[in-house]
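My questions concern the predicted model and sequence given below.
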Amino acid sequence: MKDLINKGLALGLGLAVVSKEQIEKLVDELVKKGEVSAGESKDLIRELFEKGETEKKEMNTRIHEQMEKLLKEFNIPTKADLERLEQRILDLENK
């Protein structure tokens, strides 16, 4: 079963963008071809779905890190920077 997961990833299955329904359809096809038993199918669906969720989280983390890096590199102020400036302006207006 682990080999099938690795094959799927190696083939560019992109589990991070595959829905649970698509995973179920893929596993059903594997059952029909005899590559996976019906008993293993539920475990494989669960494992593929969990792997996809993990990959989504990792991808989001990497995207977030890259965006922060780009913002710093291009010297673009963050939302926190703008909020801090707005607060300073309010403070100065109140004085």
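Yep, it's here.

For the helix or strand containing residue 48, the averaged confidence score.
If you go by DSSP states H and E, residue 48 is part of helix 38-73. Per-residue pLDDT over helix 38-73 has a mean of 84.

Residue 46 versus the residue most central in space within the chain, what's the distance?
Nearest to the mean C-alpha position of the chain, by C-alpha atoms, centre = their mean, lies residue 56 at 1.2 Å. Taking C-beta to C-beta, to the nearest Å as the measure, residue 56 falls 16 Å from residue 46. Just so you know, the C-beta spots here come from the backbone N, C-alpha and C atoms, and that holds for glycine as well.

if we can go back for a sec, give me the buried positions along the helix holding residue 48.
40, 41, 44, 45, 47, 48, 49, 51, 52, 55 (16 or more other C-beta atoms under 10 Å).

any idea how far residue 42 is from residue 25?
Using C-beta to C-beta, residue 25 is found at 14 Å from residue 42.

Could you name the helices and strands sitting against the helix holding residue 48?
In terms of contacts (3 or more C-beta pairs under 8 Å, 6 or more residues apart in numbering; DSSP states H and E), helix 38-73 is packed against helix 2-10, helix 20-33.
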